[in-house]
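*Asks:* how would this look folded up:
(2 chains)
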2 protein chains.
Amino acid sequence: MTNITLDEARAQLMSLQRKMAAYNHAVGLIYYDGCTYAPKNTAENRAVTMSILSEEIYRQSTSEETFELLEFLDANSEALSADEKRMVYLLLKDIRDMKKIPADEYIAYQELLIRSDDIWHKAKENSDFELFRPYLEQIFETHKKFAKYIEPEKDPFDHWLNVYEEGLDTETCDRFFEKLRGGIVPLLKRIQEKPQVDDSIRFGHFAPEKQEELAYLLMKKIGLDLGHVGLATTEHPFTTSFGSHLDERITTHYYEDDFACSMFSVIHEGGHALYDTGSDDELAFTVLDGGVSMGVHESQSRFYENIIGRSKAFCRMIFPELARIIPEQMEGRDAMDLYRGINKVQPSLIRTEADELTYSLHIMIRYELEKRVMHDELEVRDLPSEWNRLYKEYLGVDVPDDKNGVLQDCHWGNGSIGYFPSYALGNAYGAQFLAKMKESVDVDACIEAGDFGPVNEWNREHIWKHGCRFKPTELLERVFEAEFDPQYYIDYLERKYSEIYGL
Amino acid sequence: MTNITLDEARAQLMSLQRKMAAYNHAVGLIYYDGCTYAPKNTAENRAVTMSILSEEIYRQSTSEETFELLEFLDANSEALSADEKRMVYLLLKDIRDMKKIPADEYIAYQELLIRSDDIWHKAKENSDFELFRPYLEQIFETHKKFAKYIEPEKDPFDHWLNVYEEGLDTETCDRFFEKLRGGIVPLLKRIQEKPQVDDSIRFGHFAPEKQEELAYLLMKKIGLDLGHVGLATTEHPFTTSFGSHLDERITTHYYEDDFACSMFSVIHEGGHALYDTGSDDELAFTVLDGGVSMGVHESQSRFYENIIGRSKAFCRMIFPELARIIPEQMEGRDAMDLYRGINKVQPSLIRTEADELTYSLHIMIRYELEKRVMHDELEVRDLPSEWNRLYKEYLGVDVPDDKNGVLQDCHWGNGSIGYFPSYALGNAYGAQFLAKMKESVDVDACIEAGDFGPVNEWNREHIWKHGCRFKPTELLERVFEAEFDPQYYIDYLERKYSEIYGL
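*Replies:* I've put the predicted structure just below:
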C-alpha cells in the first residue's frame, strides 16, 4: 500500500463498506424472501445462489487487498476520525477471524444454513426432530470447530456468546441468570398462590385482515416511518434491514384465535426497527449502521413490547382503537381488563408466547442446553428429552411433542448458537433504561396520550443514533451513568406483578 | 489458457453460468421487491445496491479470465456438446458486446434505470410527464450511444429490436405491421358498423380477496406448479425468475371494478411462467434456461391469455367457477355472455386493457414513436403530443392525460426500448402455433374439459423444454415446419370476430 494516499485509502474504506452492504442486501433479501413470499419448493434454488454469493463475500472480504487496506489504515489511525477508527477496528477483527476459517468450510456452512432453515420448517411442521437432527448436529459441530479456529485458547461457547454480546462469557451469564432466577422464582411462587387473572379478552376469532389493520396501526403509533419500514408475515417473526437502515422490514404471524400474539410481536419487531432506523443517516452503508449488539437490540424490542406495550398507560391508549377494530371482542370490557389479560402469568410451552415474568426461564433452559452441547456434556440426539425434563423442572409444564418443544425456535436452524441470552439481558437493560429515562421524561403520561415523541427522542439521542460507534458495555455505561445492574429488572417485575396480583 | 484441460474449462463454463445466475437472482429479486413489497421510500437505497452489484456483474463477466475461457472453448468447439456450443456462442456474443461499453457508462446506466423506474411510478401517479422526461431522455440517449458502441455500422434501433428478437429489423417490422394493419383496420371497421356486444358481465365491485382466490384458481387450472411459482401484486404486472426456472414469480394488479383485468393478466403472466418453468431441468443455472426471445415469450403468454383464455371452450370451463366465487355477478348469465363480454372490441386508451383485435394498434403506436426518437426524428419532449395524435389517428380516441397516455407503460422507464414489437409478433406466432397444435390435439375439447395436459405437453415438447437451445427463427421453423406467416393470425381474428359480431 505504498502507492496510495491516506485520503484514497479512506475513500476505499467507504467503498468497501458500501460493497459489503450491497452483498448483505442481496443475501438478506433472498433469506427474507424465503421466509415470507417464496413458493414452498424453492429452497434448493436459493441454496445454490446463497452458496455462490457467500463465496463471493468471503473471497472479497478476506482478500489480501482488503486486508492490506485495513492494516494501512490501522497503522495510520491517528489521522482517522473516531468513526473511521471504529470501522477499521470492526472490519479488521472480522477479517482476522474470517481468515482463520478455511474458505471451503465457510461456504459449505453457509449452504448448510440455508438447507437447515428449510428443513427446520418442515421438521417443526411435522414435529419430526429426527429430520432436523443431522443438520443441527452439523451446526453445533461447526460452531465448535469455527470457535477453535478463531480463538483456540477460549471456551468455544464463550466465543459465540461474545459474538452476539461483546464481552459476555459463560461465567457472567451463569451469575446473571442465577440472580434473575433468584428474583423470578419466588415471585412466581407468590403469584401462583393468588387467584388467577382473567385473560379471556385476548381469545376469540380474529380475521387476519383485522389483525393486519391493527399491525399497521401499531407501527404508526409507536412511531415507525412506513415509507422505510415494511411488514410481512412469516412463521417465526424477525426484523431485518437491506443495505442500510433506510430499508427495514418487520414480520409477524397471525394466530386467528388470539389477537395479542401478533399485536405484541409487531411491537417487539417494531422496537428492533425503531432502533435500526434511528441510526444517524451518515452511518448508512457502513458497518456502524444499525444496532450494536443483540442484547442492546433486544433491550429495545422488549422495551417497546413489554415495558411500554404491556403498561397500563399503553392499554388505556390502545383500548379505544381495539374497540373500533374488533368491537365485539371489546364489548363490555375496559382498558384494565386488557392490562390484566395481557399480563397474566402462567408457565407455558412456547417462548414467544410466554408472559413477561416467566419468559426468562425459557431462555435459561435454552442457555443451559446450548452450553452443555457446546461443552460436549450433552448429545444433540438427547436435546428433546433434556428439553422436556427442564421444562418440567423450571416451568412445571409437560411438553406434548417436539413441535411445541425443542423444535419451536428458528435460532438453532439458522445457526444462532449463543444468541438466546441476549433476550434476557435485553429485558434487564430495558428496565435500567426506563429508570434513567424517567429522570427526564414522564413516560406514562406520554404513552397514555399516544405521544411516543419524547420516549423515542430519548432513545434516539442516547442509544439509536450512535449505531455501532461504541462497544455495548461502553454504550450502556454512558447511558446508565453507572454499572449494569439486573436488580432494576427484578424490582420492576416485583412492582408490576405485586399490583396486578395484589401480593 | 494453456495450463487448463478441456474438461476443466467445461467445468468452469458451468461455474461461470451458476455465478451469473446467482447475481441475476440477487438483482432480479431486488427489482421485484421494489415493484411489490418494498416500503415506498426505499428506492434510493436499492439504487446504491444495484449500482454496486451491476458493477460486480460487469467486472466479472467482462474479465480477461472469462474472455479467455470462452475463447479457449470456442477454439475447441468440435469437442463440445450442442448445448455447450450454444452457451459459448451466447456468452461470447454478450461479452464482446459488453466490452465495447465503457464500464463507468454501463454502471451509471444501471443506476439510472433503478431511479427512472421509481420516478416513472411517481410521474404516472401524478400524470406528470415533465418529472419523467429527463430520465427518459437519458434512456433514449444511452440506447443510441450503446448501440453505436456495439454495432457502429448498424441502425441503432435495429440493434435494439435485434436484442429482444434475434434477426428482427426495422424493415421486417414495418412490413409485418403493414400486413397486420391491412388485416385489422378493415375488420375493425366492419365490426364498428355492427351492434355492440354487452360486456357488463365484467363490471361491478370485486374485493381483492375474491380476485386473489380466482387468481390462484387460474394458476392451478392452466397447470402452473404453485410449489415453484408465486403470485404478488404490483402496478404493472410482469413475470420473473430467480436464479433458474425453479423459482418463478408472476404478478398482477386487482382493479376493484373489473374482475377480468386481473383474470387475464394472471393467465398472461401464467403463460410466461409456463414457458420458463417448462425448460428441461438440466438447463437450470445456465444461459440456456428459460424463454429464448421476447417474441416467443409473448407468443406463449398471449396464447394462454387470448387464444386459450378468451376462447368459447375456456369460458364454458371457467363459468361455473366464477359463479361460485362471485355468484351475484354471474346471476342470470351464462358462459356465452362471458365469452362475448370479454371479447368486446372497442378502441381504447390503455394497452394492457385493450381487446385482442385493437391490441396490435397500441403496439404500432409505440413502435412508431420509438423508431422516430431513435432516428432523431422526434424529441422526447414531443412524445406526449405525438402519442395523443396517433391515438386519435389509429384508434379514434382522445387521450385525457399522460397517466392514461404516454406514461401508462413501465417499459421505457425500465429501459426496454425495442421490446414492444414482441407483443405483436407473439400474437402472430401464437396463431400459427395453434394451427399446428390442432393437427394433433383437440384443443377446444381439452380446454372445455379443464384438462390442460395435452395442450401444455405439446407446448413443452415443441417449445418450452428447449429453453434457448435454438435461435428463435430456427425454433419457429422447427415447430411450424414452414416459414412464419402472419396470415394465420389475421385469419384467426377474422374467424373469431365474424362469429361474435355476425359479420
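*Asks:* Next, the contact list for the residue of the stretch 301-450 of chain A found nearest chain B, please.
*Replies:* Nearest to chain B in the stretch 301-450 of chain A, going by Cβ to the nearest Cβ, is A:I325, at a distance of 17.6 Å. C-beta here means a position set from N, CA and C on the backbone, and glycine is covered the same way. By Cβ atoms under 8 Å, 6 or more residues apart in numbering or on different chains, the contact set of A:I325 is A:K210, A:E213, A:L214, A:L217.
*Asks:* Can you tell me the SS state at the closest residue to chain B within the stretch 101-250 of chain A?
*Replies:* At 3.5 Å from chain B, A:G227 is the closest residue in the stretch 101-250 of chain A, using Cβ to the nearest Cβ. Under DSSP: H, G, I helix; E, B strand; the rest coil, the three-state class of A:G227 is coil.
*Asks:* Which phi and psi values does it adopt?
*Replies:* A:G227 has phi and psi values of phi -70, psi -20 when expressed as degrees, to the nearest 10.
*Asks:* What segments of chain A are strands?
*Replies:* Assigned by DSSP state E, the strands in chain A fall at A:229-233, A:239-242, A:244-252.
*Asks:* Tell me which of these is the most buried.
*Replies:* Sort the strands of chain A by mean neighbour count, taking mean count of other Cβ atoms under 10 Å in any protein chain shown, and strand A:244-252 sits at the top with a mean of 26.
*Asks:* From A:E370, how far out is the closest residue to A:D402 other than its chain neighbours?
*Replies:* Excluding the flanking residues, the one nearest A:D402 by Cβ to Cβ, 6 or more residues apart in numbering or on different chains is A:F129, at 4.5 Å. Distance of A:F129 to A:E370, computed by Cβ to Cβ, to the nearest Å: 16 Å.
*Asks:* and if you look at A:R478?
*Replies:* In this structure, A:R478 and A:E370 are 30 Å apart, going by Cβ to Cβ.
*Asks:* Which residues of the stretch 151-300 of chain A lie near chain B?
*Replies:* Residues of the stretch 151-300 of chain A found near chain B (Cβ under 8 Å from any Cβ of the partner chain) are A:209, A:225-230, A:232, A:242-244, A:246-249, A:284-285.
*Asks:* Tell me who's in contact with A:F264.
*Replies:* Residues near A:F264 by Cβ under 8 Å, 6+ apart: A:E305, A:G309, A:R310, A:I342.
*Asks:* returning to what we had before: mind giving me JSON lines with the strands of chain A and columns for mean pLDDT and distance to A:V185?
*Replies:* Putting the strands of chain A into JSON lines (pLDDT from 0 to 100; distance: least, Cβ to Cβ, whole Å) gives the following:
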{"stretch": "strand A:229-233", "mean pLDDT": "98", "distance to A:V185": "36"}
{"stretch": "strand A:239-242", "mean pLDDT": "97", "distance to A:V185": "31"}
{"stretch": "strand A:244-252", "mean pLDDT": "98", "distance to A:V185": "31"}
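*Asks:* Looking at these, spot the one closest to B:M437.
*Replies:* Nearest of the strands of chain A to B:M437, taken as Cβ to Cβ: strand A:229-233 at 40.9 Å.
*Asks:* List the neighbouring strands of that closest one plus their orientation.
*Replies:* Using DSSP bridges, the strands paired with strand A:229-233 are strand A:244-252 (parallel).
*Asks:* A:K100 - nearest residue in space that isn't next to it in sequence?
*Replies:* Using Cβ to Cβ, 6+ apart, the nearest residue to A:K100 is A:Y149, at 4.4 Å.
*Asks:* Low-confidence regions, chain A specifically.
*Replies:* In the predicted model, chain A carries pLDDT under 70 at residues A:1-2.
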